[in-house]
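Colleague: Just need the structure, nothing else, for what follows:
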Amino acid sequence: MQFSGVRLMARCGDALVFDKRFSASQLSEAKQGASGAICAQIDAQLENLKTPRPAMALPGTEKILNFSKPIIMGVLNVTPDSFSDGGKFLDPIHAVTQARRMVAEGAGIIDIGGESTRPGAVPVWEGEEANRTVPVIEALKTDGIPLSIDTRHSFVMDKALTAGAHIINDVTALTYDEESMRIASASEAPVILMHSQGEPATMQDNPSYRDTLLDVYDYLSERIEACRAAGIEKSRLILDPGIGFGKRMVQDNLALINGLPLLHTLGCPLLFGASRKSFIGAITKEEDASKRLPGSLAAAVKAAEQGVQILRVHDVAESQQALTMAQAFRDASIIDAAR
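Modeller: Sure, this is the predicted structure:
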């Protein structure tokens, strides 16, 4: 990941008081006249941007998450009502088969969810959610597959971790359930903190932001500090801007995708999930979520080119092929430049 320039922004309350772009060579000049605190923040952000993310250990296993290249996270919805594949993998046997298929196709993590959090989704009793997910985790735990539990309920987190899940993926960044922070802190599991706005049933009714990118940045920064205060080390945290979760259909999602480099300055690995989502349909006029593969691949490659470490996708083989080609183009460019 390389950048030819930087954008310096500052705001006071709701007002953006400074917003200017500089070439990389102009950065020192741009810092002149700024306060010591601002210069220190710029230096810290640049250091976070430049520093490779260290590998993360997975509890109960010798496996690690190695962020030297993008990791594909395969989506496994064991639900009857998920927006693009609801009901396909509700049967545990079908779910386990699909998980193993995705690993064979190149998935480095399987993300297992038992409650749909699509816009307008009806909440699920956490006991039912656990009944959907735990048998699948138990069936896969001896396969050596890194497993993530996609839930906002502490009860389900606890049951899933006991069953053999390695990662917690909470779309509410451990805010929905007051016990979630305690469960996450007591475990050694990596935790994915996602930005969302409102409840799934109503989150698309009227989302609003002062500045989408800066609001999401500030929220994730605050959640990092909340986790650290609760005893969760920053080295265990992964951040997700929450594409499609309480976002205005096109403008907010595109602002976040184009602004991913800023989120890297928080110093944690980033997860990006745009696969088959509605904003792709809004742009391409494709209403059928299952037919949004081309748009999903374009978004995934864009995110990978901006250094995202984990890509959450439904179509693993196709995503792996697209990323392999994108990497080949980058490698060839580097070789040509060195000649």
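Colleague: okay, CA-based contacts and neighbour counts for the rest of this
Modeller: Will do.
Colleague: Give me the below-cutoff pLDDT ranges for this structure.
Modeller: By pLDDT under 70, the weakly predicted segments of the chain are 1-2, 33, 81-87, 334-339.
Colleague: That one: strands as residue ranges?
Modeller: Per DSSP state E, the chain has strands spanning 5-12, 15-23, 56-57, 64-65, 71-77, 109-113, 147-150, 167-170, 191-194, 237-240, 271-272, 310-313. These are given in chain order.
Colleague: Could you export the ones you listed as a markdown table, including distance to Leu90?
Modeller: Supplementary listing: the strands of the chain in a markdown table, determined by distance: least, C-alpha to C-alpha, whole Å:
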| stretch | distance to Leu90 |
| --- | --- |
| strand 5-12 | 46 |
| strand 15-23 | 47 |
| strand 56-57 | 30 |
| strand 64-65 | 28 |
| strand 71-77 | 7 |
| strand 109-113 | 10 |
| strand 147-150 | 15 |
| strand 167-170 | 19 |
| strand 191-194 | 24 |
| strand 237-240 | 26 |
| strand 271-272 | 25 |
| strand 310-313 | 18 |
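Colleague: Ala40: which of those strands is closest?
Modeller: For the strands of the chain, distance to Ala40 was read as C-alpha to C-alpha. The smallest value, 13.4 Å, belongs to strand 5-12.
Colleague: re the thing from before, out of the strands of the chain, which comes closest to Ser278?
Modeller: strand 310-313 (14.1 Å).
Colleague: and the protein, what are its domains?
Modeller: Structural domains annotated on the chain: 5-48, 56-338, as defined by automatic domain parsing.
Colleague: now stretch 244-261, how far from the chain's geometric center?
Modeller: Its chain's C-alpha centre lies 13 Å from the corresponding centre of stretch 244-261 when counted by C-alpha atoms, centre = their mean, to the nearest Å.
Colleague: Report the buried residues of it.
Modeller: When burial is assessed from 16 or more other C-alpha atoms under 10 Å, stretch 244-261 yields the following buried residues: 244-249, 252-254, 256-257, 259-261.
Colleague: circling back: export the strands of the chain to CSV and tack on mean neighbour count and distance to Ala44?
Modeller: Compiled in CSV, the strands of the chain are given as follows (neighbours: other C-alpha atoms under 10 Å; distance: least, C-alpha to C-alpha, whole Å):
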stretch, mean neighbour count, distance to Ala44
strand 5-12, 12, 14
strand 15-23, 12, 18
strand 56-57, 18, 22
strand 64-65, 14, 24
strand 71-77, 26, 26
strand 109-113, 25, 30
strand 147-150, 28, 30
strand 167-170, 26, 27
strand 191-194, 26, 21
strand 237-240, 24, 18
strand 271-272, 24, 21
strand 310-313, 26, 23
